[in-house]
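*Asks:* Can you look at this prediction? I've put the sequence above it.
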Amino acid sequence: MLDIEELLRAAQAQTGLADFGGDDFREPLERLVRSLNTEARLNDFGKLRAQMTINAGLTTRLAIVDYLEAHPEVRDEEIRRPVFIVGLPRTGTTALHHMLNQDSGNRTLRLWEAQDPVPPPETATYESDPRIARQREGVALTETFLPGFLATHLLAAEEPDECYMLLNRNFMSVEYSAMFHIPSYANWLYAQLCTRDSYAWHKLQLQLLQSRHPGLWVLKAPFHQLGLTQILKYYPDAIIVQTHRSPMSLVASGCSFSEVLRKSGSDHIDRREIGRDWMDMLRIYTRTFEADRARLQPQFPGQFLDLHHDDFVADPWPAIEAIYAARGEALSEAGREAMARWLRDNPRGKHGRHEYRLEDYGISRAQVEELFGEYARRYGLTMDQQGEEK
């Protein structure tokens, strides 16, 4: 059994620090640990993985609080015109994020600095920071512990990753529900993310990270579908990019991805359970975001963009140029050339094919059509990707 007090003491002993910066994280952590202990059916590796992930959240939180105490000027950092890529999982958000990362004027959240943000990276050593080598060692072990993961998700120490990690430090993160079957925590999180000022902590970490290496942020995470109200509260000039894909594709792909994440941590993998969890998540993501967008978009004109997966795969440049235009900039020739090189070097299927079938997870076409019918009509989507069998 995971024990909260033991986890807290271990983090404090490991860092030599005591101040967690308030108690806002306690209830989320308590709910997470309770759900892990009672619902996740962890095997030995799953328990170790959960301990390590929670420990990373706690120790990093301690380090951030300590750094901010010594450097209060970080809180004065201005975050200007950030881009948030907020599409549902498996809708092309990763490819878009990686393309935008090729422009040196864009500031993405690289995996190494997201995992280890203190002290903040320096521009002079941003490409040679010793934390990069340490993170490479961790990435090299990924396929050992998560077989099949690298065929489903681009991952490298120096490459951008999702900013869910910034919310790991207050334990309001979907990483845990992606890795484990913890429905009571997940359902609580979905309802609470925008009621607990979670993005205040998100912004604080961006301020810290850019304090020694500035740039225009380009961020990505599907969980932002739940956070639109908070995003526009803390980043009122943000550009919101919503990616779209045929629903049958994204549902089946997402279930398969979730299975890859979960199967190393538990010996009780039920595909139908994964299907139910995934559909529950998609339902709350979609309904929350669509309601919030309808309410907020009139107040933030020109800040919402839509990108269709199939159009982007066929020709990414109109979408890329639209993002720059919304930010009031033009795509430079150097940026375009760097993005074109990335496209040539990263063809679809480079790391293997991700095979999946909807019916493997106990989900019927009728269920997907019921959930996404209105959404598909609103954005002009077909239920199946072109070329797929129905």
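*Replies:* That came through fine.
*Asks:* Return the helix or strand in the protein with minimum mean pLDDT.
*Replies:* Using mean pLDDT, DSSP states H and E, helix 142-145 stands out as the lowest-scoring helix or strand of the chain, at a mean of 66.
*Asks:* so where is the chain shaky, pLDDT-wise?
*Replies:* 142-154, 348-356, 385-390 (pLDDT under 70).
*Asks:* Which parts of it are strands?
*Replies:* Residue ranges of the strands in the chain, as given by DSSP state E, are 83-85, 106-107, 216-220, 239-244, 304-308.
*Asks:* Please produce CSV containing those, extended by distance to residue 173 and mean neighbour count.
*Replies:* Backbone N, C-alpha and C define where each C-beta goes, glycine included. Putting those into CSV (distance: least, CB to CB, whole Å; neighbours: other CB atoms under 10 Å) gives the following:
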stretch, distance to residue 173, mean neighbour count
strand 83-85, 16, 24
strand 106-107, 21, 20
strand 216-220, 14, 23
strand 239-244, 20, 24
strand 304-308, 25, 18
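*Asks:* Just send these back as a markdown table, with distance to residue 382 too.
*Replies:* Converted to a markdown table, the strands of the chain look like this (distance: least, CB to CB, whole Å):
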| stretch | distance to residue 382 |
| --- | --- |
| strand 83-85 | 22 |
| strand 106-107 | 32 |
| strand 216-220 | 25 |
| strand 239-244 | 11 |
| strand 304-308 | 10 |
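*Asks:* With respect to residue 290, which of those lies nearest?
*Replies:* strand 239-244 (9.7 Å; CB to CB).
*Asks:* From the contact counts, what lies against that closest one?
*Replies:* When contacts are defined as 3 or more CB pairs under 8 Å, 6 or more residues apart in numbering; DSSP states H and E, strand 239-244 packs onto strand 83-85, helix 93-101, helix 228-234, helix 271-296, strand 304-308, helix 309-314, helix 317-326.
*Asks:* So which of those is nearest residue 13?
*Replies:* That would be helix 228-234 among the helices and strands packed on strand 239-244, by CB to CB, at 33.3 Å.
*Asks:* Now that closest one: buried residues?
*Replies:* Neighbour counts over helix 228-234 (16 or more other CB atoms under 10 Å) mark 228, 229, 230, 231, 232, 234 as buried.
*Asks:* ok, now which ones touch residue 245?
*Replies:* Contact analysis of residue 245 by CB atoms under 8 Å, 6 or more residues apart in numbering lists 87, 88, 90, 91, 92, 308, 309, 310, 381, 385.
*Asks:* now swap in residue 336 and tell me
*Replies:* Residue 336 makes contact with residue 317, according to CB under 8 Å, 6+ apart.
*Asks:* Can you give me the neighbour number for residue 267?
*Replies:* Residues near residue 267, counting by other CB atoms under 10 Å, number 12.
*Asks:* Tell me how far it lies from residue 11.
*Replies:* Residue 267 sits 28 Å away from residue 11, going by CB to CB, to the nearest Å.
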